[in-house]
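K.L.:
show me the folded form of this:
(2 chains)
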Amino acid sequence: MISVPLEHSLILAGMLFAIGLFGLLLRRNLIFIFLSIEIMLNACAFAFIATGHHYGQPDGQVMFIFILAIAAAEVAIGLALALKFEQIFKTLDAQAANEMRG
Amino acid sequence: MTILDGFFYANAILALITTLLALSAQNAVHGLLYFVMSVIALALSFYLLDAPLVAALELMVYAGAIMVLFIFVVMLLNIKYHERSTNFKKYLGPLIFALILIVEISVIISEITLQAAHTKIISIKDVAFNLFNNYGIGIEIASLILLSGLIGAFHLGKKRNIL
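P.N.:
Numbering: from 1, shown residues only, chains lettered A, B, ... in the order given. Okay, here's the model as predicted:
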């Protein structure tokens, strides 16, 4: 439907991934950390779709379905962990869990 | 360069801006809503990249299921919010972004009847054929990951005092 060069799509995917990575490293709130991981997964999916479109193959979309399954499983476990974290430490600050047990 | 190419770049800029805003928001719900906007922009880009199945899945699973899960958790955690502001300027940015997305969606829907005939779209049938023929082991692994995710979430959700 459109004819943009593959490089532009890949640059966009790379920039989105970089934003997600910086968010992951800079934010301390657990919700935002999971959001950053989602953004990085989304950027990977975008790179797959753009490449699949460039080569005219359905493999990119197949990979997107796998990424979707992984993102869903990851977010279920991650948010359950966040709930547990809040029960124990009474905060969502990831810095609160800087001590080992015993 | 057609108008749809321009839409692709507009979507790209919109996705970058809203992603940045999502990760720099103070309020978790605001961040999640900005992320929904970024997901919608990316879904439109997928549609423009001849992948309508992926666009629909992105909207349903990301903006639908995963974001609802996030918002449920935010509501369960009962985070303290600042007082509600009635300042109109705060709504101006999201309003403009939403307006751009609405205009794009309406124009794309009207354009599609004109030029869908002579473009080669990878059909859902191709994707499903490839998925179940060449990536069978991938499906098995994905189902295992989903099952382990289910069991893990159930285990973590039980009421105990330790992780």
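K.L.:
and the residue nearest the centre of chain B?
P.N.:
B:V39 (2.9 Å; C-alpha atoms, centre = their mean).
K.L.:
check which helix or strand covers that residue.
P.N.:
Per DSSP states H and E, B:V39 falls inside helix B:28-48.
K.L.:
so for stretch A:17-37, what gets flagged as buried?
P.N.:
A:17, A:19-20, A:23-24, A:27, A:29-37 (16 or more other C-beta atoms under 10 Å in any protein chain shown). To be clear about C-beta, it is placed using only N, CA and C from the backbone, and glycine gets the same treatment.
K.L.:
could you tell me the end-to-end distance of that stretch?
P.N.:
End-to-end distance of stretch A:17-37 (C-alpha to C-alpha, to the nearest Å): 9 Å.
K.L.:
for chain B, name the helix or strand with the lowest mean pLDDT.
P.N.:
Every helix and strand of chain B was ranked by mean pLDDT, DSSP states H and E. The lowest is helix B:89-115, at a mean of 81.
K.L.:
which other helices and strands contact that helix?
P.N.:
In terms of contacts (3 or more C-beta pairs under 8 Å, 6 or more residues apart in numbering or on different chains; DSSP states H and E), helix B:89-115 is packed against helix B:3-24, helix B:28-48.
K.L.:
could you dump those helices to TSV with mean pLDDT and distance to A:A43?
P.N.:
TSV is the format used below for the helices and strands packed on helix B:89-115 (pLDDT from 0 to 100; distance: least, C-beta to C-beta, whole Å):
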stretch	mean pLDDT	distance to A:A43
helix B:3-24	91	9
helix B:28-48	92	9
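K.L.:
adding distance to chain A as columns, could you present those in TSV?
P.N.:
Listed next are these as TSV, based on distance: least, C-beta to the nearest C-beta, whole Å:
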stretch	distance to chain A
helix B:3-24	4
helix B:28-48	5
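K.L.:
can you add distance to A:L6 and give those back as TSV?
P.N.:
Below are those laid out as TSV (distance: least, C-beta to C-beta, whole Å):
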stretch	distance to A:L6
helix B:3-24	12
helix B:28-48	13
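K.L.:
from the ones you listed, which stretch is densest packed?
P.N.:
Greatest average neighbour count among the helices and strands packed on helix B:89-115 goes to helix B:28-48 (a mean of 23), per mean count of other C-beta atoms under 10 Å in any protein chain shown.
K.L.:
may I have the helix or strand just after that one exported as PDB, CA atoms only?
P.N.:
Scanning forward in sequence from helix B:28-48 by DSSP H and E, the next helix or strand is helix B:52-57. Taking Å, rounded to 0.1, in the frame of the first residue of the first chain, the C-alpha atoms of helix B:52-57 are listed here in PDB:
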ATOM      1  CA  PRO B  52      -4.300  -6.000   8.300                       C
ATOM      2  CA  LEU B  53      -4.300  -9.200  10.400                       C
ATOM      3  CA  VAL B  54      -1.400  -7.900  12.500                       C
ATOM      4  CA  ALA B  55      -3.000  -4.500  12.800                       C
ATOM      5  CA  ALA B  56      -6.200  -6.100  14.200                       C
ATOM      6  CA  LEU B  57      -4.200  -8.300  16.500                       C
END
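K.L.:
measure how far the least confident helix or strand of chain B is from the centre of its chain, please.
P.N.:
16 Å (C-alpha atoms, centre = their mean, to the nearest Å).
K.L.:
that concludes my questions; thank you for your assistance.
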